[in-house]
Structure formats: C-alpha cells, structure tokens
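J.: how would this look folded up:
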Amino acid sequence: MVVPRAKALAGMAWRPVMARLRPRIEQIATDRMQPELDRLHADIAVLREDLGRATQDLDGHVKWLYDEQRRLAPHLAALETRVAAFERPGAVARPEGRLEYAPDEAEEVRAEHARIRARLAAISKYEERLARLEADLAATREVAG
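T.: Okay, the predicted model is just below:
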C-alpha cells in the first residue's frame, strides 16, 4: 500500500519538472534533426525537378508517337485491305482489269505491313513506359503531398 502511494507522490512531484523540461527537450531534438530535414527537402526538390524534366521529355515523345500513329493508321488500313485481297481472293473487291497481285507487289505489301507493325509495337512500348512513369509520378506526389 505504501509503494503505490509513494509512486503517486513522485509522479505529482515530477509533473511540474517535466512540464518545464519538455519544451527544451523538444527544441534540442528539433535542432539536431533540422539539418537532416533540410537536406532531405533539398533532395526531394532536386528529384521533383528531374521528374518534371523527364515528364516533359516523355510528353514530347508521346506527342510524336501519337502523331506517327495518326499518320500511319490510314496506311495500315489500306495495307490490311490489300493483304486481305491477296490472301483471300474475292473477300475484297479488286480494281477492274486486275485479277492477281504480282509477286513483287505482294512482297512489297508484306514488307510495308511488317514495318508498320514494328512502328506500332514501338508506340505501344512507349505508351506502356509512359503509363508506368505516370503511376510513379502519382505515387511520388502522394508520398510528398
């Protein structure tokens, strides 16, 4: 019975001392952490600048790829029609007076078709990369915000 009462008296005596010491302890802790916090803020600012430049660069690339895709889409559609006409006679109407494609013309169509598919695959890869970077940017903004 005496021990709990002694603890209570000690706690009562300690509260005013702690109330005066707490602000000083917190000030010392803040002073010691401030240089590290300043360094971290500077590092974050540099990372944000780098991310902004990378985003601008990627935006330019994506705009270029979008323009390329818009430019190539009609060509691809025309080539797919020509390939369909070559692969399945009668599926697509051919111009009058022409019954078959010449072998070298068919190879030219196939080669152009392959080039366009390669370009569209590259566009798709850039779009995926941009999506990942946008997700990283959003995650970074959530952490920093």
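J.: drop to CA atoms for contacts and neighbour counts, all remaining ones
T.: Will do.
J.: now the helices for this structure?
T.: Secondary structure of the chain (DSSP state H): helices at 2-87, 103-144.
J.: JSON lines for those helices, including mean pLDDT and mean neighbour count?
T.: Converted to JSON lines, these look like this (pLDDT from 0 to 100; neighbours: other Cα atoms under 10 Å):
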{"stretch": "helix 2-87", "mean pLDDT": "85", "mean neighbour count": "13"}
{"stretch": "helix 103-144", "mean pLDDT": "83", "mean neighbour count": "14"}
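J.: so what's the closest residue to residue 66 other than its chain neighbours up against?
T.: Using Cα to Cα, 6 or more residues apart in numbering and skipping the chain neighbours, the partner closest in space to residue 66 is residue 123 (7.8 Å). Residue 123 makes contacts with 65, 66, 69, as judged by Cα atoms under 8 Å, 6 or more residues apart in numbering.
J.: tabulate those (JSON lines), appending distance to residue 49.
T.: JSON lines is the format used below for the contacts of residue 123 (distance: Cα to Cα, whole Å):
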{"residue": "65", "distance to residue 49": "24"}
{"residue": "66", "distance to residue 49": "25"}
{"residue": "69", "distance to residue 49": "30"}
